[in-house]
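Q: Build me a model from this:
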Amino acid sequence: MALLALTTVLAAACADPSGGATTTITLYNGQHAQTTDALVAAFEKESGVYVAVRSDSEDVLANQIITEGPSSPADVIYTENSPALETLQAKGLLAPVPATTLAAVPSQYNSPKGDWVGVSARVSVLVYNTTQLTPSQLPRSVMDLALPRWKGRLAIAQGETDMQPVVASIARTHGDAATTRWLQAIKANAGDNLYPNNEAVTAQVNSGQAAIGIINSYYWYRERAQVGPSHLHSAIATFAPGSAGTVIGVSGAGVLASSTHKAAARAFVAFMVSRQGQQIIAHSDSFEYPLGSGVTTAQPILPFSTLRPAPLTVAELGTGATAIALLQKANLA
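A: Below is the predicted model of the structure:
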């Protein structure tokens, strides 16, 4: 039934009653190229719809859509994390996702209001240098990274949108005041080890510039694939089950309310969570977890079923405004 529904949607998307040129949709892409390029290429081949991709960070793209309003040329937005989608949803800038598309993904990974769908996931972890630290020396709680023992040894990418879910989770568990103190402490502990992104944190920990850092898991798997076993001097570890530092981040997609090609845009989003689309993610070097159509990753990474994250829902994570305010208060944003 799911395959039949997707085929029907694709056929509708390709139809051009005027007999003119192939339909083109514009994708505002805040995801990594490894994931997006493969999905776009397969969808174009399957549907005959052309996808024009504009890539930037998800926060930049979300703000651009807000500025463009009803005149936005975007048909679909694809993000690394859910807060950007929740922000657009709150402003009424996303169109409802068809129920058949939402049904492909467990409901906890979709918009509570049905305006975007979860596509893939990752989990926040510790990355540590294996020549400087052993597993028994690692903190079990993310709060322990504020301890003096990590001064000059910690690396963070405080400006990454990936940091916001961790901060939101800590605030939910420990409160805003404790989160502010934690942020101030890890800023002091990081010292000069403040980096623009998780790729840099991963590389610096692997090189020994820092001993430990907070990243999303897939960055380390990519580092492992890039440098090879002989040049790998790091590993990853999870925090204690259910603790605030272990957060599932959801990458999702939504159709713009202002889209003039909604059938094709919805077809693309449906393809992303279809079995074919999810198998692309499962076998790609994005090292993310597919969320839809019952597909599990084919890559040698931590099994998704074994993760024991903090009980933070996408609704509780929301737009990320609380996390951003706390980061700003600690002069980290």
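
Q: Find the nearest non-adjacent residue to Trp116, please.
A: For Trp116, ignoring the flanking residues on the chain, the nearest one in space by CB to CB, 6 or more residues apart in numbering is Gly254 at 3.5 Å. Glycine gets a C-beta too; all of them are placed from N, C-alpha and C.

Q: That neighbour: what secondary structure?
A: strand (DSSP: H, G, I helix; E, B strand; the rest coil).

Q: and it, what does it touch?
A: Taking CB atoms under 8 Å, 6 or more residues apart in numbering, we find Gly254 in contact with 76-77, 85, 88-89, 94-95, 97, 111, 115-117, 269.

Q: Stretch 63-73: which residues count as buried?
A: Of the residues in stretch 63-73, those with enough neighbours to count as buried (16 or more other CB atoms under 10 Å) are 64-65, 72-73.

Q: quick one: contacts for Leu61?
A: Shown here is Leu61, whose contacts under the criterion CB under 8 Å, 6+ apart are 28-30, 54, 74, 77, 79, 84.

Q: Greatest separation within those residues: which pair is it?
A: The most widely separated members of the contacts of Leu61 are Arg54 and Ala84, with 14.5 Å between them, by CB to CB.

Q: Compare the two and say which is more crowded by neighbours.
A: Looking at Arg54 and Ala84 with other CB atoms under 10 Å, you find the greater number of neighbours at Ala84, namely 29 against 14.

Q: Verify the contact between that one and Asp162 for me.
A: No - with the criterion set as CB atoms under 8 Å, Ala84 and Asp162 do not qualify as a contacting pair; they are 11.8 Å apart.

Q: Can you tell me which of the contacts of Leu61 is nearest Ser234?
A: Taking CB to CB as the measure, Ser234 sits nearest to Gly30 out of the contacts of Leu61, at 26.4 Å.

Q: so who does the residue most central in space within the chain touch?
A: In the chain, the residue lying closest to the centroid (CA atoms, centre = their mean) is Glu80, at 2.9 Å. Contacts of Glu80 were listed using CB under 8 Å, 6+ apart, and they are 30-32, 58, 161-162, 249, 251.

Q: ChimeraX command to pick out the buried ones of the residues you listed?
A: For anyone working in ChimeraX, the buried entries among these, judged by 16+ other CB under 10 Å, can be selected with:
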select :30,31,32,58,161,162,249,251
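
Q: Now flag whichever of the contacts of Glu80 is closest to Leu232.
A: Within the set of these, His32 lies nearest Leu232; the separation is 20.4 Å, counting by CB to CB.

Q: got the contact list for that closest one?
A: Under the criterion of CB under 8 Å, 6+ apart, the neighbours of His32 are 80, 286.

Q: Cool, thanks, signing off.
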